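1. Predicted model, plus sequence, below.
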Amino acid sequence: MGAGALLCAPGAAAQISLASAVDLALQSSPKIRIASADVQRAEAGLAETKDAYVPNFVLGSGVGYTYGFPVGQPSIFNVTSESLLYSFSQPSYVRAARAALKSAELNLDDNKDAVTLDCALAYLQLNTDLAELASLDREKDAAETLVSIERQRLAAGVASRMDETNAEITAAQIDLKRLNLQDDADAQRRKLAHLTGMPAASFIPTNSIPPFPDFSQDTTLAATALAENSGIKAAASNAKSKLELSFGDSKRNYWPQFGFGVEYNRYAEFNNYQEYYRRFQHNNFNVGIQITVPLFDAGVRAKARQSAAEAVRARAQAEQAKNETNEQVESLQHNLKELRAQMHLAQLQNTLAGEKLQAVKDQLSSGGGPPNSAPASPRDEQLASIQLEERHLDVLKANFSVMRAQLALMRSLGTIRKWVHLPVN
């Protein structure tokens, strides 16, 4: 089924999988269109360097009346064809254009990875926001029940006005959290709409998130990133292109260039050629090879120095990209361990909160409790329910932090697009 069939009507809500959202983003993203145009431009640049060896074909005319000795060569029509036979610079220019094309293609892949990361992050953030909103709704129900209980206790004279106010503050805090979360969910929907071209209100995430790879024991991530990261390879190809361009520009002085040319001219009788040339004829044909040796050209020498500086700069940028990616991968791998530890702690706290709530419910159902302790009350049940939802929110936030770090790591490794289309368990 096509991506367009995901929407039933304009503005209608529809479920969309992560893979479908990413595919739509790759089709609609202006960043991808720009990178694709750069590839087309690089392809044309490579063709231009090769076509220097292909003879051109020009048809022209310089017809005009002349009085006296004919100045120049006015002709009824003329045909010329020229091409480059050999230049010591041109092979370097061809290699530079080929490397530039490779760099543009790799840069397109890198931009696809970047758009995939943006789309996946927005999708997972929206999915997490919706789960947190559902948890807050349950927490709000418990808070409203707590406010009602405190009011009853206050009316019965067993509670103070401060207890009721604290319960109202808890409910107000939940309302504020919900407003902030709803704003963030709307922002993620707008971001997904800009990425995919779908209406913002239509996004309903599905259970379509593939399992994340386990990076905890992998000691080759940095080496993998250096070998597979499209951005690094694009920078290396760009450096190679600049270096070849510098070689080509350095050979434009002192190195001969060979060209081939053909010319045909048809001269008219009304230009008085026959009066000034003893053996004038209307049809004239020239063919030959032109050899030029540029002995000195200050502009060409300056261009060669400029190209050499650009090659040095591109090589330094490629090294910088390697270093930054290496540092980023190592930092992400280290942070991922800490984030997993935090998530484990949040899960334990959530489990403990659930056990406390269940203990309160058991006491309420049995009517008993631990010796020398006050019996459990409905108020204790609502407080435990609120605490459980708070711990559940902590788990959701910690889980998203882990997923965000994993996505960034896969982006650096160049595997994020493959991961998006993995089967869902």
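-> Structure received.
2. okay, CA-based contacts and neighbour counts for the rest of this
-> OK.
3. buried residues in the helix or strand bottoming out on mean pLDDT in the chain?
-> Across the helices and strands of the chain, mean pLDDT, DSSP states H and E gives its lowest value to helix 273-276, namely a mean of 76. Buried residues in helix 273-276, counted by 16 or more other CA atoms under 10 Å: residue 273.
4. chain center to it: distance?
-> 71 Å (CA atoms, centre = their mean, to the nearest Å).
5. can you check stretch 337-350 too?
-> Using CA atoms, centre = their mean, the offset of stretch 337-350 from its chain centre is 30 Å.
6. Mind listing what's buried along the helix or strand hosting residue 403?
-> According to DSSP states H and E, residue 403 maps onto helix 378-413. Buried residues in helix 378-413, counted by 16+ other CA under 10 Å: 379-413.
7. Now do that helix: which elements does it pack against?
-> Packing partners of helix 378-413 (3 or more CA pairs under 8 Å, 6 or more residues apart in numbering; DSSP states H and E): helix 90-156, helix 221-228, helix 298-366.
8. okay, those, which one's buried deepest?
-> helix 90-156 (a mean of 21; mean count of other CA atoms under 10 Å).
9. orientation of that one relative to helix 378-413 in degrees?
-> Per axes from the mean of the first three to the mean of the last three CA atoms, to 10 degrees, the angle that helix 90-156 makes with helix 378-413 is 180 degrees.
10. shaky segments in the stretch 201-350 of the chain?
-> 202 (pLDDT under 70).
11. and residue 189, how many neighbours does it have?
-> By other CA atoms under 10 Å, 23 other residues sit near residue 189.
12. mind listing what it touches?
-> 122, 126, 200, 201, 203 (CA atoms under 8 Å, 6 or more residues apart in numbering).
13. Can you read off the pLDDT for it?
-> Note on residue 189: pLDDT of 93.
14. And the helix or strand harbouring it, what's buried?
-> Assigned by DSSP H and E, residue 189 belongs to helix 161-196. By 16+ other CA under 10 Å, the buried positions in helix 161-196 come out as 163-164, 167-168, 170-171, 174-175, 178, 181-182, 184-186, 188-196.
15. now residue 295: how far from residue 124?
-> 64 Å (CA to CA, to the nearest Å).
16. Per-residue pLDDT of residue 367, please?
-> Looking at residue 367, its pLDDT reads 68.
17. got a list of what the residue nearest the centre of the chain touches?
-> Central residue of the chain (CA atoms, centre = their mean): residue 114, 2.1 Å from the mean position. Contacts for residue 114 (CA under 8 Å, 6+ apart) come out as residue 411.
18. one more time with 10 Å, if that's ok
-> 26, 31, 32, 108, 120, 408, 411, 412, 414, 416, 417 (CA atoms under 10 Å, 6 or more residues apart in numbering).
19. want to throw the residues you listed into CSV with distance to residue 212 and pLDDT?
-> Putting these into CSV (distance: CA to CA, whole Å; pLDDT from 0 to 100) gives the following:
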residue, distance to residue 212, pLDDT
26, 21, 94
31, 26, 92
32, 26, 94
108, 25, 96
120, 13, 96
408, 12, 94
411, 13, 94
412, 15, 93
414, 14, 91
416, 10, 94
417, 13, 94
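20. for those, which one is nearest residue 307?
-> Using CA to CA, residue 108 comes nearest to residue 307 of these, at 24.6 Å.
21. How about the contacts made by the residue nearest to residue 420 when sequence neighbours are not counted?
-> Once flanking residues are discounted, residue 420 sits nearest to residue 19: 5.6 Å by CA to CA, 6 or more residues apart in numbering. Neighbouring residues of residue 19 by CA under 10 Å, 6+ apart: 25, 116, 119-120, 208-210, 417, 419-423.
22. burial measure for residue 294, as a count.
-> Neighbours of residue 294 using other CA under 10 Å come to 14.
23. coming back round to it: what's downstream of the least confident helix or strand of the chain, the next helix or strand?
-> Taking DSSP H and E, what comes next after helix 273-276 is strand 283-292.
24. got a list of contacts for that next one?
-> 75, 78-86, 254-268.
25. Residue 184 and residue 193: what is the separation?
-> 14 Å.
26. Please check the contacts of strand 283-292 and keep the buried ones.
-> Applying 16+ other CA under 10 Å to those, the neighbour count classes 75, 78, 80-86, 256-257, 259-268 as buried.
27. Now go through those residues and say which are in strands.
-> 78, 80-86, 257, 259-266 (DSSP state E).
28. List the contacts of the closest residue to residue 191 other than its chain neighbours.
-> Distance criterion CA to CA, 6+ apart; nearest residue to residue 191, sequence neighbours excluded, is residue 122 at 7.0 Å. By CA under 10 Å, 6+ apart, the residues touching residue 122 are 116, 128, 185, 187, 188, 189, 190, 191, 192, 195.
29. For residue 122, give me the pLDDT.
-> 95.
30. One more: the one 3 residues further on?
-> Per-residue pLDDT puts residue 125 at 96.
31. quick one: contacts for it?
-> 119, 131, 184, 185, 188, 189, 397, 400, 401, 403, 404 are the contacts of residue 125 under CA under 10 Å, 6+ apart.
32. a markdown table please, covering those residues and showing distance to residue 247.
-> As requested, the contacts of residue 125 are exported to a markdown table (distance: CA to CA, whole Å):
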| residue | distance to residue 247 |
| --- | --- |
| 119 | 42 |
| 131 | 59 |
| 184 | 53 |
| 185 | 54 |
| 188 | 49 |
| 189 | 50 |
| 397 | 54 |
| 400 | 50 |
| 401 | 48 |
| 403 | 47 |
| 404 | 44 |
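33. what's the closest of the residues you listed to residue 143?
-> residue 131 (18.4 Å).
34. so what's the residue lying closest to that closest one once chain neighbours are set aside up against?
-> Of all residues not flanking residue 131 in the chain, residue 396 sits nearest, at 7.7 Å (CA to CA, 6+ apart). Counting by CA under 10 Å, 6+ apart, residue 396 touches 128, 129, 131, 132, 135, 343, 346, 347, 402.
35. could you dump those to CSV with distance to residue 234?
-> Converted to CSV, these look like this (distance: CA to CA, whole Å):
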residue, distance to residue 234
128, 34
129, 36
131, 39
132, 40
135, 45
343, 36
346, 41
347, 42
402, 29
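36. I'd say residue 36 and residue 101 touch.
-> No: the pair residue 36 / residue 101 is not scored as a contact, 11.1 Å apart, by CA atoms under 10 Å.
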